[in-house]
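[1] no sequence for this one, just the structure:
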């Protein structure tokens with residue numbers, strides 16, 4: 001009996017020591033805490049950025065080129081310099097029409113692809129302060145009578161996946177004035193412009209930043225600015241990566257308004273807001 005009590009006491013002491021060392025009853029060592037998103041990116045030495053490839057001058061590739069260009073591309077490089085100390089530590093990820101899916105699939109760390117902070121998606125994503133603002137505009141054929149939102153009542157307006165924020169603002173502004181705008185989503189800007197040229201759509205809704213590319217493509221097109229507000233372009237990250245979101249927010253605040261940011265705007269022919 002004494003030997004049995006001694007054995008039980010020894011076993012209890014052993015379990016107490018094992019518990020203090022963090023060993024489970026099953027004998028497994030607990031998994032180490034996963035590194036933070038920012039630590040993971042720094043360890044990898046590269047920032048994966050989902051980008052647009054067909055929206056000049058914001059993000060695009062020239063025919064035959066594998067190198068992306070544009071204001072958003074330069075901004076992504078500046079963000080990489082802020083986070084990793086080197087503007088070349090970037091891996092480009094084509095965003096596709098549903099840009100934030102790159103975050104859902106863990107294919108990208110951030111999305112810089114014409115993202116506008118959209119109400120209702122805050123639970124899944126975190127949005128940085130705006131890195132650029134551009135007014136909502138419509139592109140129509142010359143002679144199309146567009147005078148105010150009432151002139152769009154019952155008419156079809158082509159919308160683009162890469163400019164969902166502009167389309168949403170137009171529809172909301174029209175609804176607030178009891179105007180019915182029939183939004184017709186198009187898979188590409190080329191398809192949207194073709195719809196305007198053929199008369200299928202009265203106009204294409206986009207932003208002032210993107211309009212010049214389509215206006216240059218056809219001298220019969222004109223621009224109309226309805227004065228319903230600006231699209232605020234932001235950097236999107238996953239909501240469950242708060243350390244990365246905080247670092248991105250800080251970098252965006254430091255960049256916007258500064259000399260590097262203004263030089264980017266001049267390079268791509270984008271108007272800068274007036275100095276404060």
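    Arrived safely, thanks for sending. Computed from a predicted model, the values in this text were never measured in an experiment.
[2] Residue 215 touches residue 223, doesn't it?
    Yes - here residue 215 reaches residue 223: they are 6.1 Å apart, a contact under Cβ atoms under 8 Å. For the C-beta atoms, the positions are set from N, CA and C on the backbone; glycine is no exception.
[3] hey, what's in contact with both of those two?
    Common neighbours of residue 215 and residue 223 are listed as residue 139 (criterion: Cβ atoms under 8 Å, 6 or more residues apart in numbering).
[4] where's the most centrally placed residue in the chain relative to residue 80, distance?
    Closest to where the C-alpha atoms of the chain average out (Cα atoms, centre = their mean) is residue 115, at 3.4 Å. Distance of residue 115 to residue 80, given as Cβ to Cβ, to the nearest Å: 17 Å.
[5] pretty sure residue 88 is touching residue 67, no?
    No - counting by Cβ under 8 Å, residue 88 stays clear of residue 67, with 12.0 Å between them.
[6] just checking, the residue nearest to the centre of the chain touches residue 236?
    Yes - contact criterion Cβ under 8 Å: residue 115 and residue 236 qualify, at 4.7 Å.
[7] residues in contact with the closest residue to residue 217 other than its chain neighbours?
    Distance criterion Cβ to Cβ, 6 or more residues apart in numbering; nearest residue to residue 217, sequence neighbours excluded, is residue 193 at 6.6 Å. The neighbourhood of residue 193, defined by Cβ under 8 Å, 6+ apart, consists of 139, 204, 214, 217-218, 221.
[8] Equivalent analysis for residue 77, please.
    Going by Cβ under 8 Å, 6+ apart, residue 77 touches 87-88, 90.
[9] Residue for residue, what is the longest strand this protein has?
    Identified as the longest strand of the chain according to DSSP state E is strand 132-141.
[10] That one pairs with which strands?
    Strand 132-141 has its sheet partners listed here by DSSP bridges as strand 203-207 (antiparallel), strand 221-224 (antiparallel), strand 230-233 (antiparallel).
[11] between those, which one is nearest to residue 124?
    In terms of Cβ to Cβ, the element of the strands paired with strand 132-141 nearest to residue 124 is strand 230-233, at 18.5 Å.
[12] List the buried residues for the closest one?
    Buried residues in strand 230-233, defined by neighbour count with 16 or more other Cβ atoms under 10 Å: 230-233.
[13] pLDDT for the residues you listed - can I get that in TSV?
    Shown next, in TSV, are the buried residues of strand 230-233 (pLDDT from 0 to 100):
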residue	pLDDT
230	91
231	91
232	92
233	93
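[14] what's the span of stretch 216-236 from first residue to last?
    End-to-end span of stretch 216-236 (Cα to Cα, to the nearest Å): 30 Å.
[15] How about stretch 36-56?
    The stretch stretch 36-56 measures 34 Å between its terminal residues, going by Cα to Cα.
[16] and residue 211, how many neighbours?
    When counting by other Cβ atoms under 10 Å, one arrives at 19 neighbours for residue 211.
[17] same question, residue 97
    12.
[18] Leaving out sequence neighbours, find the closest residue to it.
    Using Cβ to Cβ, 6+ apart and skipping residues adjacent in sequence, the residue nearest residue 97 is residue 161, 3.8 Å away.
[19] Return the residues in contact with the one you found.
    By Cβ under 8 Å, 6+ apart, residue 161 lies in contact with 97-99, 185, 187.
[20] per-residue confidence for residue 14?
    If you check residue 14, the pLDDT there is 36.
[21] My error: substitute residue 217 in the last question.
    Residue 217 is given a pLDDT of 81.
[22] Next, count neighbours for it.
    Per other Cβ under 10 Å, the neighbour tally for residue 217 reads 13.
[23] separation between it and residue 51?
    22 Å.
[24] Make sure residue 156 is actually in contact with residue 200.
    Yes - with contact defined as Cβ under 8 Å, residue 156 reaches residue 200; the gap is 6.7 Å.
[25] more crowded one of the two?
    residue 156 (17 against 14).
[26] Check which residues of stretch 105-117 are buried.
    Buried, per 16+ other Cβ under 10 Å, within stretch 105-117: 107-117.
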